[in-house]
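**Student:** what follows is a predicted protein model with its sequence.
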Amino acid sequence: IEPRTVKAAERRMKLAVALAVLPAAAAFVGPAAAPAETRLRETKADLEALAKELNPTVGFYDPLGLSSQNFWGKSEEETIGFLRHAE
């Protein structure tokens with residue numbers, strides 16, 4: 001067998017494998033999601049308004065007063081952002 005024939009056969013095999021695998025890879029790609037409209041509420045007044053909006057019966061309930069704390073010397077808004085992220 002000539003080396004040229006072997007190289008050509010190898011190229012055809014690699015191309016066939018690549019073409020066979022290509023559609024399978026597309027199966028794992030999810031549909032593009034529409035960007036979500038997100039507004040972060042970071043102040044205590046925003047939390048109180050959100051609580052009334054989501055549960056008018058209970059309203060704003062913060063028995064430990066964490067929304068008024070300043071963790072690590074940061075502002076109240078940064079502390080609320082940290083706690084919201086940690087939820």
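**Tutor:** Arrived safely.
**Student:** pull the distance from the one helix or strand Val17 maps to to the chain's centre.
**Tutor:** In the assignment (DSSP states H and E), Val17 maps to helix 3-26. In this view, helix 3-26 has its centroid 37 Å away from the chain centroid, taken as C-alpha atoms, centre = their mean, to the nearest Å.
**Student:** what of stretch 67-81?
**Tutor:** So, by C-alpha atoms, centre = their mean, the centroid of stretch 67-81 is 24 Å from its chain's centroid.
**Student:** how about that stretch, which residues are buried there?
**Tutor:** By neighbour count with 16 or more other C-beta atoms under 10 Å, stretch 67-81 contains the buried residues 67, 79-81. Just so you know, the C-beta spots here come from the backbone N, C-alpha and C atoms, and that holds for glycine as well.
**Student:** could the residues you listed go into CSV alongside secondary structure?
**Tutor:** Output for the buried residues of stretch 67-81, formatted as CSV (DSSP: H, G, I helix; E, B strand; the rest coil):
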residue, secondary structure
Ser67, helix
Thr79, helix
Ile80, helix
Gly81, helix
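**Student:** fine by me, thanks again.
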